[in-house]
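> Here you go, sequence then predicted model.
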Amino acid sequence: MRRIRRGHVLLAAAAAALCVPASGVSSSSDDSMITKVGKTEGQLNLIAWEGYTQPQWVKPFTKATGCKVKPKYGGSSDEMVTLMRTGQYDAVSASGDASLRLIFGKDVRPIDPKLIPDYKNFIPALKSPPHNTVKGVHYGISLQWGPNTLLYNTKKVKPAPTSWSVLYSSKYKGKVTIPDNPIQIADAALYLSKTKPNLGIKDPYELTEPQFKAAVDLLKKQHALVKKYWVTAGDEIDLFKNGSATIGASWPYQTNTLQAAKTPVKDLIPKEGATGWADTWMISSKAKHPNCAVKWIRWVSTPKVQAQQAIYFGETPANTKACVIMNKLSKGSCAQYHANAPLAYFKSIKFWKTPTKDCGNGKSNCMDYTKWQQAWTDIKS
Amino acid sequence: MASQAYEAGRQKWTARRRLSAALWRRPWLRAIALLLPPLGWMLVFYLAALAVLFVSAFWSIDSFTGKLTHTWTWANFHTIVSDPTYRQIAWRTIWMAAAVTVTDAVVAFPFAYYMARLAGPRQRTVLFVLVLLPLWSSYLARIYAWRLILNHDGALNWTLGKLGLPTQGWAFTNTAMWIVFSYIWLPFMILPIYAALERIPDSYIEASRDLGARNWTTFRRVIVPLALPGIVAGSIFTFSLTLGDYITPSLVGNVDFIGNVIYRNVLGLTNNLPFAAAYATIPLLVMGLYLIVAKRLGAFEAL
C-alpha cells in the first residue's frame, strides 16, 4: 500500500482553495436609472430600521400590490451597507451615513422622482438633499428624519437633565447606555463643540486629528460609566425596563415603546443640540424585485403611511401633507413630532453623514470613517 | 426469455463478484473507497475553507467603497500585532477561556466523581439526564435566561433582596460572562471526566489501599493522574468553545471578544473580510498549541 504523501494533500487543498472564491461573484448589477414601473414581482426583500416595516402599513401594501414584504432589520448603518452588498435585498432605508457609501460603491440605482407622485409634497430640504442626490441624480427618495435624543428614567434621574453632560459625568455611573455605533463619536464632538469652543469643532462629522482625539478621549472616559453599549433598539428598551440603565442616548422610538409599556421615561433634545438621521429608501443595483420596490417607495411616501410611521417611530415625515393625518390619528402629534416645524429646526440637527478625509474646507486632513471605526473598537475595549 | 434473464442476473452477479474480489485483493483500493467521502468532505469544506481564510488574510479592502483588493500585504497582521486594542481583546478572550476552563474543571470533577464512583445505577441515570437536559434547550434561550437572572431587577437580586443581602451589579460585566460561560460549557467538562473516572478499575484503588495509601494519597496519586486525560479532553471543549464564542459576550457582556471583532468585520462594521481572516488566525494558532499540549497529556486517548 502506497502512502498518501503530504505533498499531495497540500496540492489538493490548494487546488480546492482556488476553486472556492471563483464561485462567490455572480449576481448581475444594473445601475441605470429607474424611469418606469412594470409588473410587480410578488415579493420584496427589505433592509429596514426596526419599526419601519410595521404590519399596519405593510399588510395593506401587500394587499394592494401583491408584493410580499420580507424585512430584515439592520442594527446599524454599517450593517445595512454590508447587507446591501450581499445583493440579496431589493431596497434599504439608508441613513445619511450609509447612503453616500452605497452610491459611490455603485450598490444602488438612481430613480426618477417623477415615479413618486407624493414627491412634490416633500419639504424642500429633503427633495434633493446632498446625502441622496449626487450631481442632480437622485439615488433614492427621502423618507423621514429625526433627532437622536437623551432618554431618562423620570423616577431615577433627578433633576431632569438639560444637557448631554449627564452622559459624561460620574453621577449615573453604571446606569448609562449608549449606541454601539462609531457614529456616536459625532455626539461627543457635538458636545465638545459647545463646551470646549477652543477646539474649533464646526461640523461633528468633519474632525481634524486633535478634535477627533478630544472626542475619542471623552468617550474613553465615558466607557467606565456605561452599563451596556446597546446594539438594537430592543436592547435599550430591555435595559430601561429592567432598571439596568436609567439614562442614555436613544431614538424617539424607544421612548414611545417604553411609555406605551408604562415605564416612567421621558426624552429631550438637550441644549447643545442633537445629531440626527434623515433616511432614504434606496433600490439595490442588484434588485430582483425592482417594480415592487418602486411601488413600496410610492406607498411609504403617501401622507397616510408617512403619518402612521411618524407616529409609530416618533420621527418627522418628509411629506408635508402628513401633518393633517397625524393630528387625526393622534391629537397634537403633528406639532409633537415637528412635522410643521420651520426650516430652522431642521437645520439645528446635525444629520448623520459618512466622515471622509475631505473636510469641506478644501483641505483633506479630516479623519475618515475607517479611523472612526478603529477608534470605536478602541473606545469599547 | 428465461435464459436471457438468467444470463443477465449471472452477469450482474459476476460483475459484483469481480468487484468484491478486486477489493479483497487490493486493500489500498478498499481503503480509498472507504476514506474518500470523509476525506473529500474534510478537504473541501474544512481544509479548503481554512486555506481560503488564510490566503484572504493577506488581502485588503478599499476604505471608502469597501471592495476587496487582491494585493499581497502584511498590513492586517501588522495591525493586529502593533495595535494594543486588538492585543488586549485577544488576551481578554484567552484569559476568559482559561478562567472558564479552570472553573469548569473544579466544578465538574466532584460531580463526575460522584456520578462515576459513588452513585448507584438509578441515581447515575438521573444525574446523566440532569447534565444533558440543558443541552436540549437552545443555547440562546439559556443565555437569555441568565440575562433575566442577572439583571438589575432580575431573579438573583430579587432573592438577595428578600434575604436582606446586598444586591449585585453583575449584569453586563466580565463576571456575568464568566458565570454564563462556565454554566453553558459545564456538561462538556463533566462527561469526559466521568468517562475517565469510570474507566479506573477498582482493583487499582484496592491495590493502593493495600499498599498503605490513605484516601487522600490514593486520590492524589492514583485517581487524579488517571483522570487527567479526561480533564484535559474536557478542557479542549470548554477552552475552544469560549475562545470562539461571540454571542455570549454581546448578550451578557459589554466588551469585545475575538469573535465579536471578527463578526463586526464580516457583517456590521466594515465588511473587512481580510482583517477578519487575519484576526481569526489567532484563535486557530492558540487552539493548535493547545491541542499539541493536550495530545502530550494523553487527552485524545480519553475521548
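Good, I have the coordinates. No experiment lies behind these values; they were computed from the predicted model shown.
> Spatially central residue in the chain, please.
All of this is about chain A. A:Ser95 (4.0 Å; CA atoms, centre = their mean).
> if you could check chain B rather than the one you did, that'd help
Note: chain B centre (CA atoms, centre = their mean) maps to B:Phe237, 3.2 Å.
> what's the closest non-adjacent residue to that residue?
In this structure, B:Phe237 finds its nearest non-sequential neighbour in B:Phe188, 3.7 Å apart by CB to CB, 6 or more residues apart in numbering or on different chains. Bear in mind the C-beta positions are built from the backbone N, C-alpha and C, glycine included.
> buried stuff in the host helix or strand of that neighbour?
Assigned by DSSP states H and E, B:Phe188 belongs to helix B:174-198. Counting neighbours by 16 or more other CB atoms under 10 Å in any protein chain shown, one finds that the buried residues in helix B:174-198 are B:174, B:176-197.
> Stretch A:192-209 too?
Those would be A:192-193, A:199, A:201, A:203-208, for stretch A:192-209 by 16+ other CB under 10 Å.
> what's the span of it, first residue to last?
Stretch A:192-209 has an end-to-end distance of 14 Å (CA to CA, to the nearest Å).
> for stretch A:275-292, same thing?
32 Å.
> pLDDT score assigned to B:Gly154?
B:Gly154 is assigned 88 on the pLDDT scale.
> wait, B:Thr101
Note for B:Thr101: predicted pLDDT of 97.
> tell me, how many neighbours does it end up with?
The number of residues packed near B:Thr101 is 27, by other CB atoms under 10 Å in any protein chain shown.
> secondary structure element for it?
Applying DSSP H and E, one finds B:Thr101 within helix B:84-113.
> now what about the helix or strand that comes right after the helix holding B:Phe188, what contacts it?
Going down the chain from helix B:174-198, the next helix or strand is helix B:202-210, by DSSP H and E. Here helix B:202-210 makes contact (CB atoms under 8 Å, 6 or more residues apart in numbering or on different chains) with B:217-218, B:221-223, B:226.
> Ranking by neighbours, what's the top pick from the residues you listed?
B:Ile223 (20 neighbours).
> which residues does the closest residue to B:Trp74 other than its chain neighbours contact?
Nearest non-adjacent residue to B:Trp74, counting by CB to CB, 6+ apart: B:Phe58, 7.1 Å away. Residues near B:Phe58 by CB under 8 Å, 6+ apart: B:72-74, B:76, B:274, B:278.
> quick one: B:Phe58 and B:Ile200, what's the gap?
Counting by CB to CB, to the nearest Å, the gap from B:Phe58 to B:Ile200 is 49 Å.
> Equivalent analysis for A:Ala233, please.
Applying CB to CB to A:Ala233 and B:Ile200 gives a distance of 55 Å.
> about what we covered before: can you tell me what sits against the helix or strand that the helix holding B:Thr101 is followed by?
Later in the chain than helix B:84-113, the nearest helix or strand by DSSP H and E is helix B:121-136. Helix B:121-136 is contacted from outside by B:111, B:114-115, B:119, B:142, B:184, B:186-187, B:190-191, using CB under 8 Å, 6+ apart.
> starting at the chain centroid, how far to helix B:121-136?
21 Å (CA atoms, centre = their mean, to the nearest Å).
> Also stretch A:315-322?
17 Å.
> now the contacts of helix B:121-136 in TSV, with distance to chain A and pLDDT?
Output for the contacts of helix B:121-136, formatted as TSV (distance: CB to the nearest CB, whole Å; pLDDT from 0 to 100):
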residue	distance to chain A	pLDDT
B:Phe111	32	96
B:Tyr114	37	95
B:Met115	37	94
B:Ala119	39	92
B:Arg142	17	94
B:Ile184	20	95
B:Leu186	25	96
B:Pro187	28	96
B:Ile190	32	96
B:Leu191	32	94
